[in-house]
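Engineer: Provided below for reference: sequence and predicted model.
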Amino acid sequence: MEKLQKELSQEKEYAIILNDMSEEGNFVPSYFHQYRIDRGEKKEVRPFVEVTEPFYKKNEPFLGMALAAKTPDGQVTSTPFPNGYQYVGNPEYGRWRQDESGGSFWEFYGKYMLISQVMNWAGFGMNRMHYNDYTTSRTGGRPYYGPNKQYGTNGAVTKKQKPNFYARKAAKMSGAQSRFKDKINRRVGRSKSSFRSRGMRFGK
C-alpha cells in the first residue's frame, strides 16, 4: 500500500480500492489483494499481488472500499471508507441540495451520476447527516462502513456487487468442511480397526 501511495503521490487525486482478495492453499496459505486505482474518471484494475497475512487480516473487512485516497485539496487518508465519498463536497462533481423536509443531500452532476449508482446511494441516500458521520469517523481514524453498514466485506451493497468473491469463499469453506469430515471419518475408521484388532487378541 505504501508503495502504491508513493507511486501516486504526484497525482492530483486518487483512491486505492480493495477490488478483490483471495486466500490460496490449505496448510500454508498465501494471501492476495487486487487493487483498483481511481484517478477521477480514470479507473485501473491492477493484477493480484501477494500480501502478508497480518495485512490481509487487517484489511479483510474492507472489500470494495477505498483503503487510501488523496482529495484534490491535497488531503491524504489511509482510513478505509466507501469509495465515492471522496467526491462529496467537491463542487467539481456535484452540489448540496435541500429536500422537502429541510434537510440537505448530495447530488452529483449528470456526467458523474454513475458514481452514485455504483454506490447504490439511491437505496440508502447520501444526506448531510451521513456525510457528517463519515467525516467524524475519518477525523477520528475509524473506518466508515456507511450509515447502515452496507459497505465493506459484510455489507449488503458489497455482497450484491461482488458475487464471485462470496462464491469462492463459500466453495472454500465447503471444501474445508469436507476435508475435515473426511479426516474425522479416517480417524474413526482407524480407531474401529484398532479396537477390532485388540478384541481379536483378547479372544485368543
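Structural biologist: Yep, that arrived.

Engineer: now the residue nearest the centre of the chain. Nearest residue, chain neighbours left out?
Structural biologist: The residue lying closest to the centre of the chain (C-alpha atoms, centre = their mean) is residue 63, at 0.8 Å. Excluding the flanking residues, the one nearest residue 63 by C-beta to C-beta, 6 or more residues apart in numbering is residue 153, at 4.2 Å. All C-beta atoms are positioned from the backbone trio N, CA, C, and that covers glycine.

Engineer: how near is residue 32 to residue 54?
Structural biologist: Here residue 32 is placed at a distance of 14 Å from residue 54 (C-beta to C-beta, to the nearest Å).

Engineer: more neighbours: those two, which one.
Structural biologist: Taking neighbours as other C-beta atoms under 10 Å, residue 32 and residue 54 compare with residue 32 leading, 15 against 9.

Engineer: the more buried one against residue 49, yeah?
Structural biologist: Yes - using C-beta atoms under 8 Å, residue 32 is in contact with residue 49, at 6.6 Å.

Engineer: show me how far stretch 14-30 is from its chain's centre.
Structural biologist: Stretch 14-30 has its C-alpha centroid displaced from the chain centroid by 10 Å (C-alpha atoms, centre = their mean, to the nearest Å).

Engineer: any buried residues in it, and which?
Structural biologist: 14, 15, 16, 17, 18, 19, 20, 21, 22, 23 (16 or more other C-beta atoms under 10 Å).

Engineer: looking at those, which is nearest residue 115?
Structural biologist: Comparing those against residue 115 with C-beta to C-beta picks out residue 15 as the nearest, at 11.0 Å.

Engineer: so for the helix or strand where that closest one lies, mean pLDDT?
Structural biologist: For residue 15, the host element (DSSP states H and E) is strand 14-24. What strand 14-24 shows for mean pLDDT is 94.

Engineer: next one: stretch 67-80
Structural biologist: 90.

Engineer: ok, residues contacting that stretch?
Structural biologist: With contact meaning C-beta atoms under 8 Å, 6 or more residues apart in numbering, stretch 67-80 is reached by 1, 4-5, 8, 11-18, 35, 59, 61-62, 65-66, 81, 86, 90, 92, 137-138, 141-144, 152.

Engineer: so which residues of this protein form helices?
Structural biologist: Secondary structure of the chain (DSSP state H): helices at 2-7, 53-59, 113-118, 121-124, 128-139, 156-161, 163-203.
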